[in-house]
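Asker: Compute the structure for the input listed below.
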Amino acid sequence: MAKQNRILVGQVAAVTGGARGIGRATAAAFAREGMKVAIGDLDAELAERTAAELGPGVAAFELDVTRRESFETFFEDVEEQLGPLDVLVNNAGIMSLGRFLEESDESAIRMVDINLHGVIFGTKIALQRMVPRDRGHVVNVASQAGRYGAPGGATYSATKHAVIGLTEAIRGELHAEGSAVELSYVLPYVVNTELGAGTHRARGFKNLEPSEVADAIVDAVRHGTVEVWLPRSARRTYRLGVLLPRATSERLARAMKIDRVLLEADARARRGYEVRAAHSEPALDGADEPRQLTS
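Answerer: This is a model prediction of the structure:
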């Protein structure tokens with residue numbers, strides 16, 4: 001029997017990293033659906049401004065996704081103010097680029113802490129609330145870099161590959177238990193946000209807008225879609241690459257310059273973001289500027 005579309009009006013959604021970029025666009029898209037939305041962000045001041053701009057149904061909360069206790073407080077405050085959590089979007093993430101051998105250990109640790117441990121904490125704590133209710137949906141924002149492994153973003157690719165595997169494994173566990181709670185993961189190409197600044201353009205691909213990713217997340221929650229590719233045509237490209245011999249697939253990727261998207265990113269265009277991302281985990285010292293950007 002076909003699954004019925006989910007009614008979103010009145011449901012409660014939480015979006016991590018919701019003050020800017022994809023997170024902000026997703027919060028706005030949920031609000032347009034009549035949902036009550038909680039923005040969680042390390043930048044509490046920006047989160048407050050964003051919530052005020054998006055309307056009365058949106059609330060802001062300070063959130064450090066690398067700390068379990070911060071996530072627990074976040075969910076407690078969200079449910080006290082807005083009601084039981086129905087949807088969590090694990091969107092918070094950073095991407096520091098550069099050749100693997102030039103990457104600082106601090107930069108790698110930071111990406112793993114935010115991009116992976118943050119998703120683990122958020123998903124685990126949200127499911128502890130959703131599973132007893134037998135309802136809810138967790139959406140994890142990954143990346144096509146997590147499927148292909150993008151040169152110039154090795155650790156970033158590793159974190160997003162882990163998010164995909166994590167989501168699939170949890171889905172399997174919940175299915176075996178007969179749970180109605182759903183999980184999805186989103187695989188966007190480069191998005192026109194600060195995180196995607198200065199990346200190289202592959203042939204045949206154009207950058208996405210945050211609103212496109214946000215609309216796809218809303219559709220995934222509404223329809224229960226598990227794997228969300230953006231653009232949708234990227235799914236066909238991936239499947240073709242899997243079927244072709246590795247040497248042929250790699251020649252095709254080189255011809256389309258897919259292997260250059262992160263590797264040949266413009267360091268000058270990314271400098272402001274990279275420095276800000278370096279400070280996104282206050283507990284880590286010694287990384288005032290990413291090593292790969294120093295002369």
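
Asker: which residues of the stretch 1-150 of the chain score low on pLDDT?
Answerer: Across the stretch 1-150 of the chain, residues meeting the criterion (pLDDT under 70) sit at 1-3.

Asker: which stretches of it form strands?
Answerer: According to DSSP state E, counting those that start in this stretch, the stretch 1-150 of the chain carries its strands in the segments 12-16, 36-41, 58-62, 87-90, 137-141.

Asker: Go through those and name the closest to Ala180.
Answerer: Between Ala180 and the strands of the stretch 1-150 of the chain, the shortest separation by CB to CB is 9.9 Å, and it involves strand 137-141. Where you see a C-beta, it was placed from the backbone N, CA and C, and this is true even at glycine.

Asker: Sheet partners, orientation included, of that closest one?
Answerer: The pairing partners recorded for strand 137-141 under DSSP bridges are strand 87-90 (parallel), strand 182-188 (parallel).

Asker: re earlier: Serialize the strands of the stretch 1-150 of the chain to CSV and add fields for mean neighbour count and distance to Leu116.
Answerer: Putting the strands of the stretch 1-150 of the chain into CSV (neighbours: other CB atoms under 10 Å; distance: least, CB to CB, whole Å) gives the following:
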stretch, mean neighbour count, distance to Leu116
strand 12-16, 29, 13
strand 36-41, 28, 17
strand 58-62, 22, 21
strand 87-90, 30, 10
strand 137-141, 25, 10
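
Asker: Same list (these) but as JSON lines, adding distance to Arg268.
Answerer: Compiled in JSON lines, the strands of the stretch 1-150 of the chain are given as follows (distance: least, CB to CB, whole Å):
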{"stretch": "strand 12-16", "distance to Arg268": "29"}
{"stretch": "strand 36-41", "distance to Arg268": "27"}
{"stretch": "strand 58-62", "distance to Arg268": "32"}
{"stretch": "strand 87-90", "distance to Arg268": "31"}
{"stretch": "strand 137-141", "distance to Arg268": "27"}
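
Asker: Nearest to Leu230, out of those strands?
Answerer: strand 137-141 (10.5 Å).

Asker: ok, and what's touching the closest one?
Answerer: Outside of strand 137-141, the residues that reach it under the criterion CB atoms under 8 Å, 6 or more residues apart in numbering are 6, 22, 86-91, 93, 119, 122-123, 126-127, 130, 163, 166-167, 181-186, 188, 213, 217, 220-221, 224.

Asker: Out of the strands paired with strand 137-141, flag the one nearest Asp64.
Answerer: For the strands paired with strand 137-141, proximity to Asp64 was assessed by CB to CB; strand 87-90 is nearest, at 13.8 Å.

Asker: Nearest residue to Thr167 in space, please, no chain neighbours.
Answerer: Tyr185 (4.5 Å; CB to CB, 6 or more residues apart in numbering).

Asker: who are the neighbours in contact with that neighbour?
Answerer: Taking CB under 8 Å, 6+ apart, one finds 139-142, 163-164, 167-168, 226-228 in contact with Tyr185.

Asker: Which of these are buried? Put it as a PyMOL command.
Answerer: Paste this into PyMOL to select the buried members of these, with burial taken from 16 or more other CB atoms under 10 Å:
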select buried, resi 139+140+141+142+163+164+167+228
